[in-house]
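Enquirer: Here you go, sequence then predicted model.
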Amino acid sequence: MDGEAVTSFRGDLANLPTRVDMKSILTAEHFAREREQIFRRSWLPLIHTADVPNKGSYFVYDLPTLKTSLLIVRGNDDKIRAFHNVCRHRGNKLVREGTGCTRALWCNFHGWTFDLDGALKLVTDEQQFDDLDKSKLGLIPVTTEVWENFVFVNFDPDPRESLREWLGPLYDQYSGYFQSHQLLVSNRIILESNWHLGVNSFTEGYHTLYLHRNTARDYQGGKTNPERHRPYLELAGRHHRFSAPGNPDHQILPVEGIAIQYGRKQLPAFDFDCSMLPPGVNPSRFDKWGFDNVSLFPNFVMLNGNHWRAEMWFWPLDERRTMVVNRAYTYKPKNLGERLSQAYFRSRGRDVVREDLNTLEAQQAMLSSGAMAEVVLSRQETCLKHHYRVMETMLRQN
């Protein structure tokens, strides 16, 4: 079956690489450039507004990629701000970890206290300091914007684009979608794998027929699309998304049937009715739609389904190690039956992700051997081609 006969491609498809030189990418020198020219200049989604729900709520977000920790705070004016999590006195980490709610931010080293908007409020034994100007010693801010219920930051002192410009055509297409879900499970893991390999693994569906043949054997494709070609694939500025084909011929197992009876179809069976979803979800309105895969450059991937979604961050620690943060969301349950149903689908999703992560370490090990320099990419891996084109473009910019 010809790829173009199944997949509707959208966006700028010109000059996409069909081969990628991974040997040069998987180096310390290349990662050093990525950290400064990509991660410090990109809009990075970190948390949701619900993670800092009230005035005074804070969230400590450690970012090893940029060797810093951020303190994300909802102020008394209800505005969400991000600061470097460092006391302006002697550089102590202001809040060690976790979340909470407070009236002020207090350093346990010498008692310096900051308002929720970052202003230095109190210096203990202040008369012992010479030429101290508290107005110049507030917490160091990081540019912050909110899209839907995502909190984004940008480490560039003068961002070259607004968040709206960065997200481009995606910006206005998801109204209300994310707010309809609640957190089901969150975890993180350190992988012996380069961050690019992680993003790549979760932005193509070519592997699903083979890698997930036991955990999710027939959840995509079906008789009319046995190779599971993507029905829709779009390159949107620096980002990309595609729709995965659900399988109308999926055979529901007995335990899965019980979960569906008391809840909703999520994975591996899908609810094909997308009439209530915003235009960004299943943008082509494919009738046998399973879910969307949306990748926001550089390192964030979402799987957006009808009653669920998953979010994954791939934070590089260095050129060969990555911290993966995985959060799953689902519809808000009304009773115990729906909670049990969600637990079943959570376990199915967990098993699939484990297969992906295990393969990343095996791939890293062999690519690091130097036996082969390049990887080759098919049309069904167009999102990977686009990812590396965007990478090269940002690395060329001054």
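Expert: Looks like it arrived, so ask away. Numbers count the residues shown, from 1 in each chain.

Enquirer: Please enumerate the helices of the stretch 151-300 of the chain.
Expert: Secondary structure of the stretch 151-300 of the chain (DSSP state H, counting those that start in this stretch): helices at 163-167, 195-201, 208-211, 254-262.

Enquirer: Return the residues in contact with Thr215.
Expert: Applying C-beta atoms under 8 Å, 6 or more residues apart in numbering to Thr215 gives the contacts 348, 351-352, 355. All C-beta spots, glycine's among them, are computed from the backbone N, C-alpha and C.

Enquirer: thinking again about what came up before, out of the helices of the stretch 151-300 of the chain, which is the most enclosed?
Expert: By mean neighbour count, with neighbours taken as mean count of other C-beta atoms under 10 Å, helix 195-201 ranks first of those at a mean of 24.

Enquirer: Reformat the helices of the stretch 151-300 of the chain as CSV; add mean pLDDT and distance to Gln128.
Expert: Formatted as CSV, the helices of the stretch 151-300 of the chain follow (pLDDT from 0 to 100; distance: least, C-beta to C-beta, whole Å):
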stretch, mean pLDDT, distance to Gln128
helix 163-167, 97, 43
helix 195-201, 96, 46
helix 208-211, 84, 63
helix 254-262, 86, 65
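
Enquirer: Go through this protein and flag its longest helix.
Expert: When the chain is parsed with DSSP state H, its longest helix is helix 336-367.

Enquirer: So which bits of whichever helix or strand comes after that helix are buried?
Expert: Sequence order places strand 374-376 as the next helix or strand after helix 336-367, per DSSP states H and E. The neighbour-count check on strand 374-376 (16 or more other C-beta atoms under 10 Å) flags Val375 as buried.

Enquirer: on that earlier part again, quick one: which of the contacts of Thr215 is nearest Val153?
Expert: Nearest to Val153 among these is Val352, at 30.0 Å by C-beta to C-beta.

Enquirer: Ser295 versus that closest one, what's the distance?
Expert: 18 Å (C-beta to C-beta, to the nearest Å).

Enquirer: From the neighbour counts alone, determine which of those two ranks first.
Expert: When neighbours are counted by other C-beta atoms under 10 Å, Val352 and Ser295 differ, and Ser295 comes out ahead with 24 against 17.

Enquirer: Need the helices of the stretch 151-300 of the chain in TSV (columns: distance to Ser275).
Expert: Compiled in TSV, those are given as follows (distance: least, C-beta to C-beta, whole Å):
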stretch	distance to Ser275
helix 163-167	25
helix 195-201	31
helix 208-211	26
helix 254-262	20
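
Enquirer: so where's the protein shaky on pLDDT?
Expert: 1-5 (pLDDT under 70).

Enquirer: Please parse it into its domains.
Expert: Taking automatic domain parsing as the domain assignment, the ranges for the chain are 3-37+170-396, 51-158.

Enquirer: In CSV: those domains, plus distance to Pro45.
Expert: As requested, those are exported to CSV (distance: least, C-beta to C-beta, whole Å):
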stretch, distance to Pro45
domain 3-37+170-396, 5
domain 51-158, 5
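
Enquirer: ok, and which of those has the densest surroundings?
Expert: By mean count of other C-beta under 10 Å, the domains of the chain have domain 3-37+170-396 as the most buried, with a mean of 18.

Enquirer: So which residues of the stretch 151-300 of the chain form strands?
Expert: 181-191, 232-236, 239-245, 289-296, 300-304 (DSSP state E, counting those that start in this stretch).

Enquirer: Quick check: neighbours of the last one in the sheet, parallel or antiparallel?
Expert: This points to strand 300-304. Taking DSSP bridges as the criterion, strand 300-304 forms sheet pairs with strand 289-296 (antiparallel), strand 308-316 (antiparallel).

Enquirer: can you redo the ones you listed as a markdown table with distance to Glu34?
Expert: Output for the strands paired with strand 300-304, formatted as a markdown table (distance: least, C-beta to C-beta, whole Å):
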| stretch | distance to Glu34 |
| --- | --- |
| strand 289-296 | 16 |
| strand 308-316 | 7 |
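
Enquirer: Go through those and name the closest to Gly91.
Expert: Gly91 lies closest, by C-beta to C-beta, to one member of these: strand 308-316, at 22.8 Å.

Enquirer: ok now the closest one, how far from the chain's centre?
Expert: Relative to its parent chain, strand 308-316 has a centroid offset of 4 Å by C-alpha atoms, centre = their mean, to the nearest Å.

Enquirer: on contacts alone, who are the packing partners of the first helix or strand past it going along the chain?
Expert: Helices and strands here follow DSSP H and E; after strand 308-316, the next one along the chain is strand 322-331. Counting contacts by 3 or more C-beta pairs under 8 Å, 6 or more residues apart in numbering; DSSP states H and E, strand 322-331 is packed against strand 181-191, helix 195-201, strand 308-316, helix 336-367.
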